[in-house]
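Student: turn this into a model:
(2 chains)
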Amino acid sequence: MSAVIENHDHEHHGPQKGILRWLFTTNHKDIGTLYLWFSFIMFLTGGAMAMGIRAELFEPGLQLMDPIRYNQLVTMHGLIMIFGAVMPAFVGLANWLIPMQIGAPDMALPRMNNLSFWLLPSAFIILLSTAFMEGGLPGFGWTFYAPLSTNYPNIAYFVFAIHVMGISSIMGSINVIVTIMNMRAPGMTLMQMPLFVWSWLITAYLLIAVMPVLAGAVTMLLMDAYFGTSFFDAAGGGDPVLFQHVFWFFGHPEVYIMILPAFGITSHIISTFSRKPLFGQSSMVYAMVSIAVLSFVVWAHHMFTVGMPLAAELFFMWATMIIAIPTGVKVFNWVATIFKGSITYETPMLFAIAFVVLFTIGGLSGLMLAITPADFQYHDTYFVVAHFHYVLVPGAIFSIMAAVYYWLPKWTGNMYDEKMGKLHFWLSFVGVNVTFFPQHFVGLAGMPRRYADYALQFAEWNAVSSVGAFLFGLSQLLFLYIVIKTVFAGKKATAQVWDGAEGLEWTVDSPAPYHTFETPPKVNG
Amino acid sequence: MESKTDNFQKYYVPEKSAIPIIFAVSVFFAGFGAANAITGNGSTMLLFGLIAVIITMSFWFSVVMKESKAGLDTPQLNNSYVFGMGWFIFSEVMFFFAFFGALFYIRQFSVPWLGGEGEKGLAGEILWPEFEATWPPMVTPEQSIMGDQAVTKGPDNSMYLNGIAGIIKWLPLWNTIVLLSSSGTVHFAHIALKENNRKRFNFWLGITVSLAFIFVILQAAEYYEAYAHLGLTLNSGVYGTTFFMLTGFHGMHVLIGGIFLLTQLFRSTGFKHFTEKEHFGFEAASWYWHFVDVVWVCLFLFVYII
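Tutor: Now for the predicted structure:
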């Protein structure tokens, strides 16, 4: 203990050597790196599962696996991509960037930061351990609707894994909010904060608000499954629909948790490579705040066909459609930023532009789904699968890739290989669209989701979709290669890196020193 | 770029530490062990995990206290703790919100619909024509057609006040009195601390801790009464479900808050911690305590009275 105190007055040293650096670290950059690598591993794992799904769906009939295995793959793909890949990637970016962007020496609560990370592997070991148990992995879909899930073996492990993930997310979010509220360089007002920081402030608020509700949902599930309570059992006076309400009260804000940081990233990149300040900085902030507030009153649009009173159907339809307004403001601002800019198309910019276009497609199919009477046709078809993959893959994941290319020179001190980066972009861009665009067609034609087999008339488009999925999936190995190569070698990056880039992170050396802003920088108001 | 501002105090960033990852591993054992215990695979791991969690947590807090005594926490760091505790309590509020939400949904929608009322009552009317929607439902839908053969049967009695004559023996009322007064006493303790009157502080904090444990004992007595004499259990349909889950989680929080306050009492009596300006540990505990109190007021209203 006394060592901790004595060390304090000495000058800080660089990182410790060896594995212990990563186990015991309190440094926001180390923890950001841990989060990002964890997310990458999970992304490849979840991606391999997706390729398993697409291999089975390449042609009609059951080829590779029985339906139970297929359901397990679908479930684990969803859980791993959401809780293992997308969310940790954004938390990793938050760790790396927020302290540097606001001129803080580190996150506000560094040891809790380390704890938030190490809880994640713990949670996933609990979740994946069921693979080796009788009953196997959960196969009830990532939404784990009752009563299917309450009658499933091993659900207790799933429940406690979710609890641990929730604790991790809540602590991480508390850290983000406290850092932003308390650690900004003197002179930096809230409205002067970079948009990525703003987007994470709102995201963290959403996380703290809804992760406990998810904890409540899984707790009710656990009680129903093992202790004979009747939350979701009509025979005892409960209601299975109640589960869907509680779950989606968490689930819809969760969807925005996975897209708001992407808005922040895209805003930075588009402004940099258009060499223009972002159009409508403050309207961007207000748009994100409105989206966050609205996200709490739209949850039942996921359950239009479940049998709700008419008034509820109408309310949730209108509330959902109102979200198109702030989202439209954001898309407009991005386009207006590009307008008459002096644009160059480096890899991050390509991903960012693809984000704007393809995310908008996902948003528009979302509007179609929001229309209650139409949703009765689309519900639980591949149209829904196409919709949410358009907002999550070329939405959230493209923005994460854009961020990695954009800030990698700052993190490693090396430039990535631009030619390879562009190749990776075009392969991913083509792969994503070939995979998911045909799913709109089969969905509108009536192909239901979450089945291992399908009717003959859907065969062609499914084959196309599978080819695209393998193209997209294998291209990510190229991404892995590019990142590893950049970590170890490459043209040296300058501190500024991109000539249009603005913000405090570009004022420190590349690679960023182990400790930055131990004394806060001066920010002119 | 880096310019020193006047009277700037460096923010304390702790050196590398083994505590967090040990804590994470402990949580793993507690979580995995809990799942093991529930699925009937033995509770050794759960016990080990819980003990490890408690030890690591105590050690972590003791490190923070030592750092604070060594003068490492600047006003800015203290601010981080204040914000952190505030948002933690907000997350707890949302946890209870989920269960209160479930209660309102069940009372407003699912039970009336099962009883055949309202826009979505048709299914209930066909499936359970005999079931009548009342709150609390003393007969479950299943019981209304299966009689004594039903798996989920309603309670014999509810926790609601049974005639004004019984009010003196009505435990929830006493629990309310105990908890509301404890919120007052913890406030008196806070005032005493601000006036630097340690004796008075210890006295009022001691009273608060006693009230906390009296509440827990009364709650245990109430549960015993419910199980032994009222036929009200966790399995008594949706009334038993919501009653025990809401009061149970609240009771758990009272216990945690009580231990939290007790720790502060030991810190004050045994180690002379806290000054009239620096007493964040106590302040955090008292905020938590007020939060637990507010939850109880909602419980008393929506679970016991209305």
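
Student: and the helix or strand harbouring B:Val297, what other elements does it pack with?
Tutor: Per DSSP states H and E, B:Val297 falls inside helix B:280-299. Packing partners of helix B:280-299 (3 or more Cβ pairs under 8 Å, 6 or more residues apart in numbering or on different chains; DSSP states H and E): helix B:75-105, helix B:171-194, helix B:198-225, helix B:237-271. Backbone N, C-alpha and C define where each C-beta goes, glycine included.

Student: ok, B:Ala70 - how many residues close by?
Tutor: For B:Ala70, the tally of surrounding residues (other Cβ atoms under 10 Å in any protein chain shown) stands at 15.

Student: so A:Thr229 makes contact with B:Phe243?
Tutor: No - checked against Cβ atoms under 8 Å, the pair A:Thr229 and B:Phe243 is beyond contact range at 10.4 Å.

Student: compare the two (neighbour count), which wins?
Tutor: Using other Cβ under 10 Å as the criterion, A:Thr229 and B:Phe243 rank with A:Thr229 on top: 27 against 24.

Student: need phi/psi at the more buried one.
Tutor: Main-chain torsions, A:Thr229, degrees, to the nearest 10: phi -80, psi 170.

Student: contacts only, for it.
Tutor: A:Met220, A:Met223, A:Gly236, B:Leu234, B:Asn235, B:Gly240, B:Thr241, B:Phe244, B:Met245 (Cβ atoms under 8 Å, 6 or more residues apart in numbering or on different chains).

Student: now, the most widely separated pair of the residues you listed?
Tutor: Farthest pair in the contacts of A:Thr229 (Cβ to Cβ) is A:Met220 and B:Asn235. Separation: 14.6 Å.

Student: pick out the residue closest to the middle of chain A.
Tutor: A:Val86 (3.0 Å; Cα atoms, centre = their mean).

Student: from chain B, how far off is that one?
Tutor: From A:Val86 across to chain B, the span is 21 Å (Cβ to the nearest Cβ, to the nearest Å).

Student: contacts only, for residue 135.
Tutor: No chain was given, so I picked chain A. Contacts of A:Gly135 by Cβ under 8 Å, 6+ apart are A:Tyr152, A:Pro153, A:Asn154.

Student: actually, chain B is the one I wanted.
Tutor: B:Arg107, B:Val111, B:Tyr239.

Student: quick one: which of those residues is nearest to chain A?
Tutor: Proximity of the contacts of B:Trp135 to chain A (Cβ to the nearest Cβ) peaks at B:Val111, which lies at 5.6 Å.

Student: excluding chain neighbours, what is closest to the closest one?
Tutor: B:Ala133 (5.0 Å; Cβ to Cβ, 6 or more residues apart in numbering or on different chains).

Student: which one's more surrounded, A:Met220 and B:Asn235?
Tutor: A:Met220 (26 against 18).

Student: tell me the contacts of that one?
Tutor: A:Thr229, A:Phe231, A:Phe232, A:Phe243, A:Val246, B:Phe99, B:Ala102, B:Met245.

Student: and the residue in the stretch 151-300 of chain B that chain A sits nearest to, how many neighbours?
Tutor: Here the stretch 151-300 of chain B gets closest to chain A at one residue, B:Val238, 3.4 Å apart by Cβ to the nearest Cβ. Applying other Cβ under 10 Å, we find 33 residues neighbouring B:Val238.

Student: local confidence estimate at the residue nearest to B:Val111?
Tutor: Note on B:Ala133: pLDDT of 93.

Student: now it: phi and psi?
Tutor: B:Ala133 adopts backbone torsions of phi -80, psi 110, taken as degrees, to the nearest 10.

Student: wouldn't it be in contact with B:Leu114 here?
Tutor: Yes - here B:Ala133 reaches B:Leu114: they are 6.5 Å apart, a contact under Cβ under 8 Å.

Student: of the two, who's got more company?
Tutor: Higher neighbour count among B:Ala133 and B:Leu114: B:Leu114, with 30 against 19, using other Cβ under 10 Å.

Student: just give the nearest non-adjacent residue to A:Asp275, would you?
Tutor: Just to correct that, residue A:275 is Arg rather than Asp. Nearest residue to A:Arg275 in three dimensions, chain neighbours excluded: A:Gly500, at 4.0 Å (Cβ to Cβ, 6+ apart).

Student: please apply the same query to A:Phe425.
Tutor: A:Leu350 (4.6 Å).

Student: for that neighbour, give me the pLDDT.
Tutor: Listed pLDDT for A:Leu350 reads 98.

Student: and B:Gly163, by the same measure?
Tutor: 81.

Student: where does residue 153 sit: helix, strand or coil?
Tutor: Went with chain A since none was named. When classified by DSSP: H, G, I helix; E, B strand; the rest coil, A:Pro153 comes out as coil.

Student: actually, chain B is the one I wanted.
Tutor: Applying three-state DSSP: B:Lys153 is coil.

Student: same deal with the one 3 residues further on?
Tutor: Per three-state DSSP, the local secondary structure of B:Asp156 is coil.

Student: same question, the one 4 residues further on
Tutor: Local secondary structure at B:Tyr160 is given as coil here, using three-state DSSP.

Student: list the contacts for it?
Tutor: Contact partners of B:Tyr160, counting by Cβ under 8 Å, 6+ apart, are B:Pro136, B:Tyr304, B:Ile305.

Student: the closest residue to chain A within chain B and A:Trp22, how far apart?
Tutor: Nearest residue of chain B to chain A: B:Ala98, at 2.9 Å (Cβ to the nearest Cβ). Per Cβ to Cβ, to the nearest Å, B:Ala98 is found 35 Å from A:Trp22.

Student: could you give the angle of the helix holding B:Val297 to helix B:237-271?
Tutor: 160 degrees (axes from the mean of the first three to the mean of the last three Cα atoms, to 10 degrees).
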